[in-house]
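Novice: sequence plus the predicted model coming up.
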Protein chains: 2
Amino acid sequence: MDNVMADLTQHSLDTYAKEYGIQLDPATLDGIPEGSGFPEGVVLKFLNTPGFFRNAPVMAGSQEVIKALSEKHEIFIVSAAMEFPLSLAEKLAWLNEHFSFISWRNIVFCGSKTIVEADYMIDDHDKNLRYFKGAPLLFTAPHNVTLTDYKRVNNWEEVATFFALSNVEAV
Amino acid sequence: MDNVMADLTQHSLDTYAKEYGIQLDPATLDGIPEGSGFPEGVVLKFLNTPGFFRNAPVMAGSQEVIKALSEKHEIFIVSAAMEFPLSLAEKLAWLNEHFSFISWRNIVFCGSKTIVEADYMIDDHDKNLRYFKGAPLLFTAPHNVTLTDYKRVNNWEEVATFFALSNVEAV
């Protein structure tokens, strides 16, 4: 969900600009651990701020492609939400607003994703893809640009191409 | 979690007695669908009432046996919480209070449990055990007493015996 469906990188940059008056160059986040391109503690503070997850912008193309995928495949949204208890209700409300075609039956909030079994996992984190027994797809995020262990998808258009979707339409 | 770690049957009986002044005989719930032993809509109302999940009593023996299990095995708590959005934060707070030895990494809130992969699943519902690829253990609840498709455990003492636990102590 984070950095794949919800654009938390852009949201962190925007929130930082708004609250601290500093516009970071997104390129400065490339290839360094998530959050470490901001002063220490800033992103953690954002993640624990009520409303942060609820107001995250939707990743470009994710609605259209996931809608098209869901018409051909069984889709589960799996989010490592348990570390940030505030995020649970906010993420559910966010999904209900932006991905209303996803049933509550197909939403999973967890800590570790090692318990998940599926055919494919689209994720931005090595720690999630590493233990997955299906086919991993690494969704590009600034913190993973140097990672070469997985099939990479740079955006949702590439996900649509990978799954040979011809039914992608505006949501 | 529900009816396995949290005694929702007793909690529903107690809440019904308190709010409606009627003490149902627990035996009248045996062998009929969950909730159907109460007047229509009553249990659904309870499930959507703030505080209901947060104040559920702990199932006898569950803390001691899960603690002992967790010292020998990797334990995940998987709860079908997504149908009742209020329950998310309440269930997490409940787990943190009563099962503080379980890390947030090992907690999963979902809708359908079909995405879960593990070696064993202890659950009270056919719908959860039916699609599980590991070994299912049916935890006895009033609604499942006539079900004969699974290895049955009637209480946490029987779970401890099944897993040959010798390290069960008071939590």
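Specialist: Structure received. Residues are numbered from 1 along each chain as shown, chains lettered A, B, ... in the order given.
Novice: for A:Asn3, give me the pLDDT.
Specialist: pLDDT, A:Asn3: 97.
Novice: tell me who's in contact with it.
Specialist: A:Asn3 sits next to A:Thr9, A:Met59, A:Asp124, A:Phe139, A:Ala141 when contact means CB atoms under 8 Å, 6 or more residues apart in numbering or on different chains. C-betas here are computed from N, CA, C, even on glycine.
Novice: could you rerun that using 7 Å?
Specialist: Contact partners of A:Asn3, counting by CB atoms under 7 Å, 6 or more residues apart in numbering or on different chains, are A:Thr9, A:Asp124, A:Phe139, A:Ala141.
Novice: and of those, the nearest to B:Met1?
Specialist: The nearest member of the contacts of A:Asn3 to B:Met1, counting by CB to CB, is A:Asp124 at 29.2 Å.
Novice: I figured that closest one hits A:Ala141, correct?
Specialist: Yes - under the criterion of CB atoms under 7 Å, A:Asp124 makes contact with A:Ala141 at 4.0 Å.
Novice: show me what from chain A comes close to chain B.
Specialist: Within chain A, the positions lying close to chain B (CB under 7 Å from any CB of the partner chain) are A:76, A:82-83, A:85, A:88-89, A:92, A:103-112, A:115-118.
Novice: can you pull out the strands in chain A?
Specialist: In chain A, the segments counted as strands under DSSP state E are A:77-80, A:107-110, A:120-123, A:135-139, A:151-153.
Novice: how about residues contacting the first one?
Specialist: Yep, that's strand A:77-80 we're talking about. Strand A:77-80 has contacts (CB under 7 Å, 6+ apart) with A:1-2, A:91, A:95, A:102, A:106-111, A:113, A:116.
Novice: give me the mean pLDDT for that strand.
Specialist: For strand A:77-80, mean pLDDT rounds to 97.
Novice: what about it, distance to the chain center?
Specialist: For strand A:77-80, the separation from the chain centroid amounts to 9 Å (computed by CA atoms, centre = their mean, to the nearest Å).
Novice: strands paired with it, and their directions?
Specialist: Strands that pair with strand A:77-80, judged by DSSP bridges, come out as strand A:107-110 (parallel).
Novice: what do you get for the shortest one?
Specialist: Strand pairing for strand A:151-153, using DSSP bridges, gives strand A:135-139 (parallel).
Novice: may I see the buried residues of the partner strand?
Specialist: By neighbour count on 16 or more other CB atoms under 10 Å in any protein chain shown, the buried set for strand A:135-139 is A:Pro136, A:Leu137, A:Leu138, A:Phe139.
Novice: format the CA atom coordinates belonging to it as PDB.
Specialist: The C-alpha atoms that make up strand A:135-139 are tabulated as PDB, following Å, rounded to 0.1, in the frame of the first residue of the first chain:
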ATOM      1  CA  ALA A 135       6.800 -14.100  -7.900                       C
ATOM      2  CA  PRO A 136       8.000 -10.800  -6.400                       C
ATOM      3  CA  LEU A 137       7.700  -7.500  -8.300                       C
ATOM      4  CA  LEU A 138       9.700  -4.600  -6.900                       C
ATOM      5  CA  PHE A 139       7.800  -1.300  -7.300                       C
END
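Novice: and A:Ala93, how many neighbours does it have?
Specialist: Other residues near A:Ala93 come to 13 when the count uses other CB atoms under 10 Å in any protein chain shown.
Novice: how much space between the residue sitting furthest away from the middle of chain A and B:Thr49?
Specialist: Relative to the mean C-alpha coordinate of chain A, counting by CA atoms, centre = their mean, the farthest residue is A:Gly21 (25.7 Å). Using CB to CB, to the nearest Å, A:Gly21 is found at 45 Å from B:Thr49.
Novice: and if you look at A:Gly61?
Specialist: 40 Å.
Novice: quick one, which of the residues of chain A next to chain B are buried?
Specialist: The neighbour count (16+ other CB under 10 Å) marks A:76, A:82, A:88-89, A:92, A:104, A:106-112, A:115-118 as buried among those.
Novice: the helices in chain A, which residues?
Specialist: In chain A, the helices defined using DSSP state H lie at A:8-20, A:42-47, A:62-70, A:87-98, A:126-129, A:156-162.
Novice: highest average neighbour count across these?
Specialist: Ranked by mean neighbour count, the helices of chain A are led by helix A:62-70 with a mean of 20 (mean count of other CB atoms under 10 Å in any protein chain shown).
Novice: so which elements touch it?
Specialist: When contacts are defined as 3 or more CB pairs under 7 Å, 6 or more residues apart in numbering or on different chains; DSSP states H and E, helix A:62-70 packs onto helix A:156-162.
Novice: just the mean pLDDT for the helix it packs on, thanks.
Specialist: Averaging pLDDT along helix A:156-162 gives 98.
Novice: which residues are contacting that helix?
Specialist: Here helix A:156-162 has contacts from A:Met59, A:Ala60, A:Gly61, A:Ser62, A:Val65, A:Ala68, A:Ile122, A:Leu137, A:Val153, A:Val168, using CB under 7 Å, 6+ apart.
Novice: now stretch A:23-39: buried residues?
Specialist: Within stretch A:23-39, judged by 16+ other CB under 10 Å, the buried ones are A:Leu29, A:Glu34, A:Gly35, A:Gly37, A:Phe38.
Novice: that stretch: end-to-end distance?
Specialist: Length of stretch A:23-39, first residue to last, CA to CA, to the nearest Å: 13 Å.
Novice: that stretch: how far from the chain's middle?
Specialist: 17 Å.
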